[in-house]
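Student: Please work out how this folds:
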Amino acid sequence: MASESPFAHLPDGARLWTFGTSRLLAPDEEARLLAATDRFLEGWKAHGHPLAAAREWRLGRFLLVAVDDRITPPSGCSIDALVRTLGAMERELGVELVGGAPLWLRRVPGEGPDAVERVSRDEFRRRAAEGEIDGDTLVFDLTLTRVGELRAGEWERRAADGWHAWLLP
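Tutor: Prediction:
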């Protein structure tokens, strides 16, 4: 039996950031991204104090990073350092990870990275107007800020049940 990940041990109130890759990564690219993230998290500090942080990789597309901010809250500078580290990985891998504000939806029912689709807001609106996307389309909400929201099922849900609803006709 596999042991639980450090991410699983974080409390529901832990601060959360979610990043999605603009394309599927090759296995070696995925390994490099996760290794770089792990190295960063091992030394992540805010004003000289270590942060109790962990990461999780989901569906081959989403990097989730969380911090137990009851122990030491992250500072603006420490958050900037995370974004800079991921930005460096973007350049190294030739993939978008921290910018662009794309939307994510489940293209087809099922699991795995090929079931996930990244679209712009304009494309989401256009496809919704054409009836291809509707309130029952499953979407991913990368704006969640707490691990408890993730665990409560707010990360992936029907478009009509989240903020995506305002993009529907």
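Student: use CA for all of it now, contacts and neighbours both
Tutor: OK.
Student: Give me the nearest residue to the residue nearest the centre of the chain, chain neighbours excluded.
Tutor: By C-alpha atoms, centre = their mean, the chain has its centre lying nearest to residue 18, at 2.3 Å. In this structure, residue 18 finds its nearest non-sequential neighbour in residue 64, 4.5 Å apart by C-alpha to C-alpha, 6 or more residues apart in numbering.
Student: wait, what's in contact with the one you found?
Tutor: Contact analysis of residue 64 by C-alpha atoms under 8 Å, 6 or more residues apart in numbering lists 16-19, 55-58.
Student: Show the buried residues in those.
Tutor: Burial by neighbour count, 16 or more other C-alpha atoms under 10 Å: within these this picks out 16-19, 55.
Student: just to revisit the earlier point, quick one: list the elements packing against the host helix or strand of the residue nearest to the centre of the chain.
Tutor: Here residue 18 sits within strand 15-20, counting by DSSP states H and E. Counting by 3 or more C-alpha pairs under 8 Å, 6 or more residues apart in numbering; DSSP states H and E, the packing neighbours recorded for strand 15-20 are strand 62-67.
Student: List the buried residues of the strand it packs on.
Tutor: 62-67.
Student: which among these gets closest to residue 140?
Tutor: residue 62 (9.9 Å; C-alpha to C-alpha).
Student: For the closest one, name its beta-bridge partners.
Tutor: residue 20, residue 58 (DSSP bridges).
Student: Which parts of the protein are strands?
Tutor: With DSSP state E, the ranges of strands along the chain come out as 15-20, 45-46, 49-50, 53-58, 62-67, 103-106, 116-119, 138-140, 156-158.
Student: Relative to residue 101, how far out is the residue located most distally from the centre of the chain?
Tutor: No residue in the chain sits farther from the centre than residue 130, which is 27.9 Å out by C-alpha atoms, centre = their mean. When distance is defined by C-alpha to C-alpha, to the nearest Å, residue 130 is 22 Å away from residue 101.
Student: Map the structural domains onto the sequence of this structure.
Tutor: 6-93, 103-162 (automatic domain parsing).
Student: Now tabulate the ones you listed in a markdown table and tack on mean pLDDT and distance to residue 169.
Tutor: Shown next, in a markdown table, are the domains of the chain (pLDDT from 0 to 100; distance: least, C-alpha to C-alpha, whole Å):
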| stretch | mean pLDDT | distance to residue 169 |
| --- | --- | --- |
| domain 6-93 | 95 | 26 |
| domain 103-162 | 91 | 6 |
